[in-house]
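**Q** compute the structure for the input listed below.
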Amino acid sequence: MRFGWVIVALLAASLTACQPSGGRLTAHAMALAKQLVAINGTATMTAAQAQHNPALARVNAAHRQEFVDAAALAFAQTFTVGELQDQLSFYQSPGGRAVIDKTPQVGRLYIRNTMLVLDRYRTELGLPNSASKAP
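**A** Residues are numbered from 1 along each chain as shown. Modelled structure (predicted):
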């Protein structure tokens, strides 16, 4: 039974260590983090993700608040209240809204551009030449 308490103590210590000030998580920090997650879409599945994994999409829909809370907890454990407020201000600005709106496009372009770079190094990577056809 002592072993269980040791695990609980270690988990509590690791959560405290994850917090930006090493202190307790406050309700204010969690409220700010939840606002941030709602604005930046951290816990939101895209249509493409849902199509790729319908089972996960069903779980996400059924347990949406738990995913939001998990994302908010990660933000609250990582950033100070001031940093959370700064992020909220940014994402509420025109530039911040543009970042949110254009991030999926940036992701698609990054993958395409990375594939073009990797294609140039196929030989180094031990991959067949893209011009050769499989039998």
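**Q** need the phi and psi values for residue 63.
**A** Main-chain torsions, residue 63, degrees, to the nearest 10: phi -120, psi 30.
**Q** let me know how buried residue 29 is, in neighbour terms.
**A** Counted with other CB atoms under 10 Å, residues neighbouring residue 29 total 25. Yep, even glycine has a C-beta here, placed from its N, CA and C like the rest.
**Q** how about the one 4 residues further on?
**A** The burial count assigned to residue 33 is 27, neighbours taken as other CB under 10 Å.
**Q** show me what secondary structure element comes after the helix or strand it falls within.
**A** Using DSSP states H and E, residue 33 sits within helix 27-40. Counting by DSSP H and E, the next helix or strand C-terminal to helix 27-40 is helix 47-52.
**Q** how distant is the helix holding residue 33 from the center of its chain?
**A** 14 Å (CA atoms, centre = their mean, to the nearest Å).
**Q** please apply the same query to stretch 97-110.
**A** 14 Å.
**Q** how far away is residue 83 from residue 66?
**A** Remark: distance between residue 83 and residue 66 (CB to CB, to the nearest Å) = 24 Å.
**Q** when these two are compared, which one has more neighbours?
**A** Applying other CB under 10 Å to residue 83 and residue 66 shows that residue 83 carries more neighbours, namely 15 against 12.
**Q** relative to residue 69, how far out is that one?
**A** Applying CB to CB to residue 83 and residue 69 gives a distance of 19 Å.
**Q** check residue 30 too.
**A** 9 Å.
**Q** correct me, but residue 30 touches residue 70?
**A** No. Using CB atoms under 8 Å, residue 30 is not in contact with residue 70, being 11.8 Å away.
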